[in-house]
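Engineer: Model the structure of this input:
(3 chains)
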Amino acid sequence: MNSKSIIRIALGAYLIIFFSYLLGPLVVMSMTAFNSSGFPSVSPWACFTFEWFRVLFDDKHIRDGIYYSVIIGLGTVLLSVSMGLAASIVLTQVWAKFRSTYYTLIIAPILVPGVVLGISTLVFWDRVGSFLGAGEGSFLNDLFHNGIFLTILGQSSFIASYAMLVFVARLQRFDTGLTEAALDLGATHTQAFRKILLPFMRPAIASASVLAFLASFENYNTTTFTILKYKTLTTVLAQKVRLGINPSISSLAFIIIVLTILAALTFEAYRRNQDRKFAISQGKAVEKSGGFLPSFMRGNPAAIMLVLVSIVVIVLVGTAQRYSPQECKVQVREAKQAEIQLRIEELRKQRLIKDQSEARQGPDIFGTPSPDEEEASKPSGAFGGVFDPNNLSSETEEEESSGGSGAFGGVFAPTNLDNGDGN
Amino acid sequence: MSSGVAVDLENVWIKFGDFVAVREANVNINGGDFFSFLGPSGCGKTTILRAVSGFLEPSDGRVLIGGNDMAGIGPNKRPTALIFQNLALFPLMKVWENISFSMEVTGASAGERRKRADELLDMIALDGQGDKLPSELSGGQKQRVAIARALCANPDVLLLDEPLSALDLKLRQHMRTELREIQQRVGITFIYITHDQGEALTMSDNVAVMKAGVIDQIDTGHNIYDHPSTPFVASFVGENNVFRGTIKSVSGNEAIINTNRSGDLLARITPTQVGKLGVGDDAMMFIRPEALELGKAQETETTISANVVNEEFEGNSFSVFLEGDGGKQIKMSVPNLGQDNISAKGENLALHYDAANAVVMPAGELASE
Amino acid sequence: MKKPMIFSQFFRNNGVIMGSALMGLVGFWLIFLVVLPQLSMLDYSFRFNLPPAEVGGPRDVYTLSNYQHLIYGSDKTHSTYNTVDLMVFVRTIIAAILVTVFNILLCYPLAYFLGQSKGSGFVRLLVVLLIIPYWINEILRAFALRIIFGDSGLLNEVLMFLHLTKEPIDFIRQDIALYAGLGYAYILLMLFPMYNVIESLDRNQIEAARDMGASWARIHRRIVIPHAKPGIVSGATMVFMLSAGALAAPQILGGPSSLWFTQLVYQWFNDSLNWQQGAAYAIVLLVSTIIIVLTVMRIFKVNMGDIGK
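Structural biologist: Got it, this is the predicted structure:
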């Protein structure tokens, strides 16, 4: 093998590892959205189900979170895009000596940890409130402690920097002669701005707005300090993830992933279309008519795969209308109970052996932990996992395993094992 | 259309920090004139234009348009319209919207604007092209749209910043004539800046020749060519043979210069230096290539003896390159009237000229190539 | 008298309305959203945590006690050190540095590959694949890793299935989950600056070097890396600042022994309601990360202007 193919193989391996690291967790997470076990997992795979999506849609916190995230997002877009645009225009005019200081100042918010931005916003407006003498219950006091107000300001402080970067890039291609021409022809500065500069900046404004909205929507570090009594989707998710996990979060993730992929593909298709139109107008490409696949998919393996996957999903959704996970769950429960029964039998046997050996040796006064105790005290492992509260999947199973009711009674309770005989 | 309005620069200085871009400019432009500022790049002509149009304020002195001091009045309030070097057509607007922009900013209705734009499109021979975008036009067409846009603003003064420099030769020559025609038809004052002396001479009523911020001469094109007042003007405008030396004698408006290498020569003193040029002064004499003729060999004060080095056929003329005593380079130009050639290599020729066609003046800086 | 000249020039260039609008927006942003809040926080960090009634009263004086708390803990005699908090701080910084280095090494090959390939469909596909994970909320991404690294998570199941381990490894307690999560979170921010800068490298330089017989190691060391330096430092700066200041990943993926400094700040604010103490800790975090970043930039001779996508 020559060095070139070694490099190729190494490159291929590297790419595979890299992208598995990057995309693997997402794939796994999506799969857990469809598993009916209570804790998001891929194995053991219980039943295929859509119920977590229903749980997701029913969750009021998540709905509120999305609502406020959108409101804050819109506010942040308005504020940060205008500030960013103003800052970029001023950058082109600022006196050369001050330029690097000025640039450092407007770039700094990107580097400051989000946590610090959140805290400083909170602290500052509280101070402003007390400085202005706003007492409890006054309008200003409420405003300066309003989660939405504070979050918009806190987020905008650094999102405006991102917007500014977008605008600076676009502004560099602007011919200042155009503004001069407009002025020369009698326009006021405001007219020149509105009629000449703004239309030129429109694509940049669009992309900056999208960027700002996305950055606002997914922000956590700053928002978590400034949001106070309100909530955004990210803070709701963070709460849920820390306090009680269930696969409804996975289903949210799955939805977002699908939306993202669709958006990315749409954008890619749009761009290819633009490129083709441009090439045609230059006389380089020819209108290809007919063909089985729509143009954007030709030569794009990802798109083809996605279409196939979508077909599969649609088929599944269609069949799922008739498919009920209930049966599957009952089966799973029965299978689990059968397994538990087997284990109990084993335990009994071991107990028997132990009793017999004890009878020969004398009682064990020091209480070396018996094998079953060891097993029971471990939080995980194939057997103990059944008792793990995190593994609770549906309400019915929960009832059965926690209470003393149910066909197997107290056998499930770990404490019952070392003193109960199970006989 | 507005009638011509005078533009005056009174003692205008324009400085950027320590750098003096324009030094003590005094210019009086008559209303309705086609006036050009001619000079090499960096001589300050664009700076003057920007001062007149309002993008710059002079550091000293006044700019007057129609007799009114323009100090503190911004470019959007002055009765001027500027045609930029790169035209600065608004790329996102259609041609008719570009042209009628000056009406848009005063709030005219779309109907009025369209009508006026169509009139102007007619005038510049682009009727029917109003709905195109600037990117769809050729260089010459864009030129004309820029002019129409400026005219639509009804300016008293139209300022043009080297508008033809981006065009190819044939188009440039065509546009020269067109611009002159438009100006005479419309009758407003045109202020034109260029580094191409051919343009300045053909189009203008008056020309100001500039070098390094200083205006050397303001005169008609004819006078600038025939009676340059400084060595710079003499060497910048057209081609000129220059003879350096010292003044031997002066009589009235003529003088004899004792040249370094070509003996004593007689020439006319340039009008601005009559009475100022004295015996013993360092001086330069200029004589145009076309003013030299072939003649009988003789020793006079209007004859130069030289040997032919080379001869080039220029189409409408022959250029003969000669070398005189001491290696002095001389160029002679003879109209092509069907001769096969003028001279033979190495041949010794006697060049005659009329003293009225030679001009002498105090020595100074020449235009560099 | 240069200052007034600048302002009058500015208003002349922009007109009164536009000029005021521009100054107003930029001023509001810089003064009210950036500078003053930081100063407020700085001010808070030097004050006592007083109930509202005592604010402005005689006990409301400046003090270093909040900072002293970080070093000495609650011990007023300053004889013992606040090892817990100090350890957390040191560990956070070191971990952030390690994560940054890990990211550099991880992303460099890919950045090079992408930067030097022609814009084929494959490359575009890779870029799309890269961007998709980042449209997904960082919380969800951390959550995904939590699922995988959990006790009954995929990784443990696979390892046990392969009989590589008998019992599940507690990744979370061992902080591996956290580091993997942090490394994962900011890959894109490291990748794109490097990619941009490598893309601008003229392919011919590399060809010329190859032509002259240079080994790949030498080419990278002497040609690519010096050219890519601003991109690498830019990416590293962002990853470092974001890792040191990360909150979601430690909260979700961190075990009890891997407390992150930001979590301390969070606790002071939300659990203890001691804003002043939290502010002091936040200032410490801010100042130390800035010092580290500036030092690195000075060492590698990169300036602020290079940071920016």
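
Engineer: Going by C-alpha atoms from here, please, whenever you check contacts or count neighbours.
Structural biologist: Will do.

Engineer: residue ranges for the helices of the stretch 51-200 of chain C, please.
Structural biologist: C:65-72, C:83-116, C:121-135, C:138-149, C:154-161, C:176-185, C:187-199 (DSSP state H, counting those that start in this stretch).

Engineer: tell me the phi and psi of residue B:359?
Structural biologist: Residue B:359 adopts backbone torsions of phi -130, psi 140, taken as degrees, to the nearest 10.

Engineer: excluding its backbone neighbours, what's nearest it?
Structural biologist: residue B:268 (4.9 Å; Cα to Cα, 6 or more residues apart in numbering or on different chains).

Engineer: Also residue C:135?
Structural biologist: Counting by Cα to Cα, 6+ apart, the residue nearest residue C:135 is residue A:260, at 6.7 Å.

Engineer: Could you double-check that that neighbour sits in contact with residue C:132?
Structural biologist: Yes: the criterion here is Cα atoms under 8 Å, and residue A:260 meets it with residue C:132 at 6.4 Å.

Engineer: In chain B, what residue comes closest to chain A?
Structural biologist: Using Cα to the nearest Cα, residue B:76 is the residue of chain B that sits closest to chain A, at 4.1 Å.

Engineer: got the contact list for that residue?
Structural biologist: Taking Cα atoms under 8 Å, 6 or more residues apart in numbering or on different chains, we find residue B:76 in contact with A:183, A:184, A:185, A:186, A:187, A:188, B:54.

Engineer: residue contacts, the nearest residue to the third one once chain neighbours are set aside?
Structural biologist: With sequence-adjacent residues excluded and distances taken as Cα to Cα, 6+ apart, residue A:185 is closest to residue B:102, at 5.1 Å. With contact set as Cα under 8 Å, 6+ apart, residue B:102 has these partners: A:182, A:185, A:186, A:187, B:149, B:152, B:153.

Engineer: quick one: residue A:264 and chain B, what's the gap?
Structural biologist: 29 Å (Cα to the nearest Cα, to the nearest Å).

Engineer: Surely that residue is within a strand?
Structural biologist: No: counting by DSSP: H, G, I helix; E, B strand; the rest coil, residue A:264 falls outside a strand, being helix.

Engineer: ok, it touching residue C:128?
Structural biologist: Yes: if you go by Cα under 8 Å, residue A:264 and residue C:128 touch, sitting 7.0 Å apart.

Engineer: can you list residues touching both of the two?
Structural biologist: In contact with both residue A:264 and residue C:128: no residue, using Cα under 8 Å, 6+ apart.

Engineer: Show me where chain C dips below the pLDDT cut-off.
Structural biologist: C:1-6, C:50-61, C:72-81, C:118-121, C:151-158, C:160, C:163-175, C:303-309 (pLDDT under 70).

Engineer: if you set the cut-off to 90 instead, what comes out?
Structural biologist: Residue ranges of chain C with pLDDT under 90: C:1-23, C:30-309.

Engineer: and it, which residues reach chain B?
Structural biologist: For chain C, the contact set with chain B under Cα under 8 Å from any Cα of the partner chain comprises residue C:12.

Engineer: give me that answer again for 7 Å
Structural biologist: Taking Cα under 7 Å from any Cα of the partner chain, no part of chain C reaches chain B.

Engineer: Quick check: residues of chain C near chain A?
Structural biologist: C:14-15, C:17-18, C:22, C:25-26, C:29, C:33-34, C:37-38, C:40-41, C:128, C:132-133, C:135-137, C:139-140, C:143-145, C:147-148, C:153-154, C:167, C:184, C:238, C:241-242, C:245, C:247, C:252, C:282, C:286, C:304.
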